[in-house]
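1. Pasted the sequence and its predicted model underneath.
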Amino acid sequence: MTLEAIRYHNGTLEILDQLLLPGETKYIPILGVEDGWKAINKMQIRGAPAIAIVGCLSLAVEISKEEFEKKKTLRREVEGKLNYLISARPTAVNLKIAADELISLVNALDKDDSVSASEMQTRFISEIELMLEKDLADNKAIGMAGCNLILNSGTSNFGGDTSVRVLTHCNTGSLATAGYGTALGVIRALHAARRLEHVYCTETRPYNQGARLSAFELVHDKIPATLICDSAVSALMKTKPIAAVIVGADRVAANGDTANKIGTYQIAVTAKYHSVPFYVAAPFTSIDFSIPNGENIQIEERPDREMTHIGKYRIATPGISCWNPAFDVTPSELISAIITEKGVFKPNELRVMESS
Ligand SMILES: CSC[C@@H](O)[C@@H](O)C(=O)COP(=O)(O)O
């Protein structure tokens, strides 16, 4: 059975508390928007697609318990609460894009006189419920496209083998999405095709999404994997033939510059030096066509405590100051291709897809 980060059935929402993994597997109820905001902000749920889905589902749960006499009241509530949810974490764009689409939907339904307030409520909730299915289907399409891309990219980085070694960073799997995963979905597809020799995953300090979450998924799914320190990436590329680096994205600008977990940029730099292709795997909902380049991406800074402590144990000397950006931006010139559910694009080809 695959891991399930988000459980939603008939208006009831639970999430797997990712702060407790791998030690404890505990689902916590999300009873409405306030719970959704807190779970996203505290990173009990994380990963750009999962943040969007849980944010929107928390609103669906809340709205489903209410009765609306007037459509305008529903429209105002939806707009206000979606804008509040977006403020929980600023870098990933998927929730903002989903919110914009849902706000357009309620505006259209509000203007349509043939739709009653209760029909508007039902249609709004159904639209959110579809997100889970769509994300899973998109991830499978991304996985297949990425698998084909890597296997057909030439043999120079395969080290003479027919199976490939790949490197990934952070967690982009079932725990970060509705299921299957984006970059980890590509790795799953390679494994299913029996063409994955090995995956290396970085620890991903300071929150350790690699050591705690990707490692958890890889062991759970029996995918051959090795954990490395973030600082071992260059040494790995020097000593082993790595066919590709494959990472996810929190926000891709129109020119292809990509914000992803802190450390992604330095992996892309070292991949360039070692002539290893560097791929970003992300759904179209991670692409922000409203910003021309990565300079416009707001980078979230997280509390010092995430660096100074592991669990309740302090590992850093008291008194030291910290800088803890959660993400960095990889310039598009370091990115070989962006793998989406709509196809594979060079960074400078993205704009063509803007209106699709
Ligand atoms: C499919 S998840 C893509 C990204 O969201 C992922 O790589 C990442 O950076 C997650 O960061 P996080 O801070 O854990 O939410």
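-> Received the coordinates, thanks.
2. Strands of the stretch 251-356 of the chain, residue ranges please.
-> 251-253, 258-261, 278-281, 287-288, 309-310, 313-314, 327-330, 337-340, 343-345 (DSSP state E, counting those that start in this stretch).
3. and the fourth one, does that touch the ligand?
-> Just to be clear, that refers to strand 287-288. No: Strand 287-288 lies out of reach of the ligand by CB under 6 Å from any ligand atom, never closer than 12.6 Å. In short, each C-beta sits where N, CA and C put it, glycine included.
4. and that strand, which strands flank it?
-> strand 251-253 (parallel) (DSSP bridges).
5. Next: the second one.
-> Partner strands and pairing direction for strand 258-261 (DSSP bridges) are strand 251-253 (antiparallel), strand 327-330 (antiparallel).
6. which SS class is residue 222?
-> Assigned with DSSP: H, G, I helix; E, B strand; the rest coil, residue 222 falls in the coil class.
7. since we're on it, how many residues are nearby?
-> Residue 222 has 8 neighbouring residues, counting by other CB atoms under 10 Å.
8. And the pLDDT for it?
-> Confidence at residue 222, expressed as pLDDT, is 97.
9. how much space between it and residue 22?
-> Note on residue 222: its distance to residue 22, by CB to CB, to the nearest Å, is 16 Å.
10. What of residue 184?
-> Applying CB to CB, the value for residue 184 to residue 22 is 16 Å.
11. the more surrounded of these two?
-> residue 184 (33 against 14).
12. next one: phi and psi at the more buried one?
-> Recorded main-chain torsions at residue 184 are phi -70, psi -20, according to degrees, to the nearest 10.
13. Please list all residues in contact with it.
-> 168, 171, 172, 173, 174, 176, 214, 217 (CB atoms under 8 Å, 6 or more residues apart in numbering).
14. Let me know whether the fourth one touches residue 212 as I believe.
-> Spelled out, it's residue 173. No: counting by CB atoms under 8 Å, residue 173 stays clear of residue 212, with 12.0 Å between them.
15. In this protein, which residue sits nearest the ligand?
-> residue 248 (2.9 Å; CB to the nearest ligand atom).
16. Counting neighbours, which bits of the lengthiest helix in the chain end up buried?
-> For the chain, the helix that runs over the most residues, judged by DSSP state H, is helix 117-151. Residues of helix 117-151 classed as buried: 117, 120-121, 124-125, 127-128, 131-132, 135-136, 138-151 (neighbour count, 16 or more other CB atoms under 10 Å).
17. Give the pairing partners of the lowest-mean-pLDDT helix or strand in the chain; include direction for each.
-> Sorted by mean pLDDT, DSSP states H and E, the helices and strands of the chain end with strand 309-310, the least confident at a mean of 94. Sheet partners assigned to strand 309-310 using DSSP bridges are listed as strand 313-314 (antiparallel).
18. how distant is the partner strand from the center of its chain?
-> A distance of 28 Å separates the C-alpha centroid of strand 313-314 from that of its chain, computed with CA atoms, centre = their mean, to the nearest Å.
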